[in-house]
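**Q** I need the structure of the sequence given here:
(one chain, ligands or ions: 1)
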Amino acid sequence: MKRVVTLPSGETVPALGLGTWRMGENRRRRAAEADALRLGLDLGMTLIDTAEMYGEGGAEEVVADAIAGRRDEVFLVSKVYPHNASRKGTVAACERSLKRLKTDRIDLYLLHWRGAEPLAETVAGFEALVRSGKIRYWGVSNFDVDDMEELAGVEGGRRVATDQVLYNLARRGLEWDLLPWCRARRIPIMAYSPLDQGRILGKRVLKAVAARHGATPAQVALAWLLRHDDVIVIPKASDAAHVRDNRGALELALDEADLAALDAAWPPPRRRRPLEML
Ligand SMILES: NC(=O)c1ccc[n+]([C@@H]2O[C@H](COP(=O)([O-])OP(=O)(O)OC[C@H]3O[C@@H](n4cnc5c(N)ncnc54)[C@H](OP(=O)(O)O)[C@@H]3O)[C@@H](O)[C@H]2O)c1
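**A** Model (predicted):
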């Protein structure tokens, strides 16, 4: 089963993809990291999330190895550092990323978080990249509702394709405002650190729900996010067993009792909270 999420353009992308933070930092681990990504692609997780920041370009080089010879199978996401996100700087950063990725296009290019550059400048850079075919779509990351509102007021800003944000069982604040805001505008979100970087996996409730289904805690955490039809989920795994485990989340459907148990442990927000980020 390949679950998909629809972008504002109408194009669909895999709901479950592959993260790459912490990859490319150590030369001796690179081959194994590329193998893990290739395994994920073989299993149908054909969306890869990376950034110029990760391993200071090293993660993009690992991705290049993983997608060599199979670029057309992959929906490739990368990100520009805020300090590079002037109009010209965005274009130059993208060109450097394309070289490291050994490809001629990035499918979705994101502003990693808000910095000092005016949004109008960054959007102008993104739009120039779309016109030249170097990127297909652009979006943002770590934007709260006020940032999204400001973006919507910028020329071309409504063409934003996604907001990539911290979202998992233990980080639910965005359900109060940002998730409904995006949903009302048909902007899918990308949930990063969906396992809270492993911190939530030892919780008793997660183990109990997993046991009821013969599943693993990681699969429950991912299935909990995948039940939304407008959330793209990008766990990072450099261990092959973890990659296979994560893929299994697509087969797991949580029921009302599971959701109630998870809500009791990690309640939904009852008031507005600023967006959390890592
Ligand atoms: N836009 C942003 O600001 C931002 C911020 C953070 C992350 N991200 C993106 O989101 C991706 C995912 O977030 P993340 O890397 O922070 O954290 P994560 O995906 O929540 O957790 C990754 C950690 O969980 C482990 N793991 C993976 N699958 C597992 C499984 N089935 N069972 C047990 N442990 C498992 C991994 O170990 P192994 O590696 O050893 O397999 C790794 O230590 C990143 O890689 C990055 O692409 C974006």
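**Q** low-confidence ranges in the stretch 151-278 of the chain?
**A** Along the stretch 151-278 of the chain, no part satisfies pLDDT under 70.
**Q** what does the stretch 151-278 of the chain put close to the ligand?
**A** 164, 192-198, 201, 218, 234-239, 242, 245-246, 278 (CB under 6 Å from any ligand atom). From N, CA and C alone the C-beta is placed, and that goes for glycine too.
**Q** and the helices in the protein?
**A** Under the criterion DSSP state H, the chain carries helices at the ranges 30-42, 58-67, 87-101, 119-131, 145-152, 178-184, 204-213, 217-226, 240-247, 256-265.
**Q** closest one to residue 3 among those?
**A** helix 217-226 (6.4 Å; CB to CB).
**Q** contact partners of that closest one?
**A** 3, 15-16, 167-169, 191, 194-196, 200-203, 206-207, 209-210, 213, 215, 231, 233, 235, 242, 245-246, 248-250, 252-254, 258-259, 262 (CB atoms under 8 Å, 6 or more residues apart in numbering).
**Q** just to revisit the earlier point, adding distance to residue 158 and mean neighbour count, write the helices of the chain out as JSON lines.
**A** Below are the helices of the chain laid out as JSON lines (distance: least, CB to CB, whole Å; neighbours: other CB atoms under 10 Å):
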{"stretch": "helix 30-42", "distance to residue 158": "32", "mean neighbour count": "19"}
{"stretch": "helix 58-67", "distance to residue 158": "29", "mean neighbour count": "24"}
{"stretch": "helix 87-101", "distance to residue 158": "18", "mean neighbour count": "19"}
{"stretch": "helix 119-131", "distance to residue 158": "10", "mean neighbour count": "20"}
{"stretch": "helix 145-152", "distance to residue 158": "6", "mean neighbour count": "17"}
{"stretch": "helix 178-184", "distance to residue 158": "12", "mean neighbour count": "17"}
{"stretch": "helix 204-213", "distance to residue 158": "38", "mean neighbour count": "17"}
{"stretch": "helix 217-226", "distance to residue 158": "26", "mean neighbour count": "24"}
{"stretch": "helix 240-247", "distance to residue 158": "33", "mean neighbour count": "18"}
{"stretch": "helix 256-265", "distance to residue 158": "33", "mean neighbour count": "13"}
